[in-house]
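S.K.: sharing a model that was predicted from the sequence below.
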Amino acid sequence: MLLTVIVALLGGLGSGLARLGWQMDSMSQNWILIHGPLMISGFLGTLICLERSVALASRYRWSLVVPAVNALGAGLLLVMRDAPAAKLLLTMGSLGLLVLFGFMLRLHPSRDVVIMAVGTLCWLIGNALWFAGQPIYQVVHLWTAFLILTIVGERLELSRVRRLTRTSKNLLTLAVGVYLAGGVLTILDLSTGVRVLGVGAVLMAGWLLCYDIARRTIYQSGLPRYVAACLLAGYVWLGFGGLLALWHGAIYAGPDYAAVLHAFLLGFMFSMIFGHAPIIIPALTNLQLKYSPIFYGHLVLLHITLIYRMYGNLLGDFLAQQQGGLWNVIALLLFMAVMALTVLRSNIGQRIGVRVSQ
């Protein structure tokens, strides 16, 4: 399943470069029209399903079927592109994840789990509409809501140590409600829906910047500071994407469409992935991953090049869009390489230490 996640990510990156006009291999050219589904449902959807199923596997072994079904859908999407069977399997994967959240709510009923479950429901509705023949621009905001609300729910869960007041929690619920209302409205009125969810995204970003624990851990050192830097930068991109959505309303293609989606999916979502990877990778693989200051390299590269790409999108500079997109991909590949080498070095070092002590 992790191999499928990686292949879906690489396929999504290749097709993204092909969409920007770079000369790519024939497979990447063939995947141009499924760039979004590969990145959102194939890569991120399978990863989130895997993370949640592993958390429940000790109690419900069958939960591992959910990411397996979604990974199968991602694999089929890579092989057959727009095949109805691939869409159906991805829809079943999102339904399975919603079932898992149902069991999580029964075990730990809480506001954060409800937010994540509602996000998964958005993913399911988006997949069902896509399977029914709706275009990607019509459902992509429901897919994006799945990712954003998953992260917001996780951050609320981790903010319990701050003992948030009821008022602060209610403020987040209000922000999530506005964003969710906008996501639902996109089904009926795309322009109004996008603008409403833009307001909700700005409100959620403001809440996270004010109340998330990252505001405190940024003053620490080592891994906690790195994670906090990733999170705080991501929250800024979430708010910026919300402002763009509020400004543009309905968008179907082109630079403005790319600007809104990449603010959410690159600026916000991949900042979250960069920050959570040193925690999630050991949890999923049982391998050690020791922090290194080199982690800041891919983080800084991503944000600088994304700012340059946004400049190209907003001012109509196609060369900046192309070059910014290429450097975005290089930042993500650098992240993957650094994580892989760090895991390798951490575990080889641990084994050598064990042998010496013996």
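M.R.: Yep, that arrived. Numbering: from 1, shown residues only.
S.K.: domains in the chain, by residue range?
M.R.: Annotated domains of the chain cover 1-109, 134-358 [automatic domain parsing].
S.K.: what ranges in the stretch 51-200 of the chain fall below the confidence cut-off?
M.R.: Under the criterion pLDDT under 70, the flagged ranges of the stretch 51-200 of the chain are 81-82, 160-162.
S.K.: what segments of it are helices?
M.R.: 65-80, 84-107, 111-131, 136-158, 166-188, 190-211 (DSSP state H, counting those that start in this stretch).
S.K.: for the ones you listed, which one sits closest to residue 294?
M.R.: Nearest of the helices of the stretch 51-200 of the chain to residue 294, taken as C-beta to C-beta: helix 136-158 at 24.5 Å. All C-beta atoms are positioned from the backbone trio N, CA, C, and that covers glycine.
S.K.: and that closest one, which residues are buried?
M.R.: Within helix 136-158, the residues that count as buried by 16 or more other C-beta atoms under 10 Å are 136-156.
S.K.: stretch 271-286 too?
M.R.: Residues of stretch 271-286 classed as buried: 271-278, 280-281 (neighbour count, 16+ other C-beta under 10 Å).
S.K.: over to stretch 306-318?
M.R.: Using 16+ other C-beta under 10 Å as the test for burial, stretch 306-318 gives 306, 308-310, 312-313, 317.
S.K.: check stretch 254-268 too.
M.R.: By neighbour count with 16+ other C-beta under 10 Å, stretch 254-268 contains the buried residues 255-268.
S.K.: residue closest to the middle of the protein?
M.R.: residue 269 (4.0 Å; C-alpha atoms, centre = their mean).
S.K.: what about it, helix or strand, and which?
M.R.: Per DSSP states H and E: residue 269 is located in helix 269-285.
S.K.: next, the angle helix 136-158 makes with that helix.
M.R.: Interaxial angle, helix 269-285 versus helix 136-158 (axes from the mean of the first three to the mean of the last three C-alpha atoms, to 10 degrees): 60 degrees.
S.K.: can I get helix 269-285 in CSV? Just the C-alpha atoms.
M.R.: Presented in CSV, the C-alpha positions along helix 269-285 are these (Å, rounded to 0.1, in the frame of the first residue of the first chain):
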residue,chain,number,x,y,z
MET,A,269,-1.5,20.4,2.8
PHE,A,270,2.2,19.6,2.0
SER,A,271,3.3,21.9,4.9
MET,A,272,1.2,19.6,7.1
ILE,A,273,2.8,16.5,5.4
PHE,A,274,6.3,17.9,5.9
GLY,A,275,5.6,18.6,9.6
HIS,A,276,3.8,15.3,10.4
ALA,A,277,6.0,12.9,8.4
PRO,A,278,8.7,12.6,11.1
ILE,A,279,5.9,11.4,13.5
ILE,A,280,3.7,9.4,11.1
ILE,A,281,6.5,7.4,9.3
PRO,A,282,7.7,5.8,12.5
ALA,A,283,4.1,5.0,13.5
LEU,A,284,3.2,3.4,10.2
THR,A,285,6.5,1.5,9.7
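S.K.: need the contact list for the nearest residue to residue 126 once chain neighbours are set aside.
M.R.: Residue nearest to residue 126 in three dimensions, not counting chain neighbours: residue 142, with 3.3 Å by C-beta to C-beta, 6 or more residues apart in numbering. Residue 142 makes contact with 122-123, 125-126, 129, 183, 186-187, according to C-beta atoms under 8 Å, 6 or more residues apart in numbering.
S.K.: quick one: which of the residues you listed is nearest to residue 7?
M.R.: Nearest to residue 7 among the contacts of residue 142 is residue 123, at 20.6 Å by C-beta to C-beta.
S.K.: does that closest one touch residue 95 like I think?
M.R.: No. If you go by C-beta atoms under 8 Å, residue 123 and residue 95 don't touch, sitting 9.4 Å apart.
S.K.: for these two, indicate the residue with more neighbours.
M.R.: The neighbour count for residue 123 versus residue 95, taken as other C-beta atoms under 10 Å, is higher for residue 123 (30 against 19).
S.K.: any idea how far the closest residue to the more buried one other than its chain neighbours lies from residue 153?
M.R.: Among residues not flanking residue 123 along the chain, residue 146 sits closest, at 3.4 Å (C-beta to C-beta, 6+ apart). Separation of residue 146 from residue 153 (C-beta to C-beta, to the nearest Å): 11 Å.
S.K.: what touches both of these two?
M.R.: Here residue 146 and residue 153 have residue 119 as joint contacts, going by C-beta under 8 Å, 6+ apart.
S.K.: residues in contact with residue 159?
M.R.: Here residue 159 is in contact with 211-213 (criterion: C-beta under 8 Å, 6+ apart).
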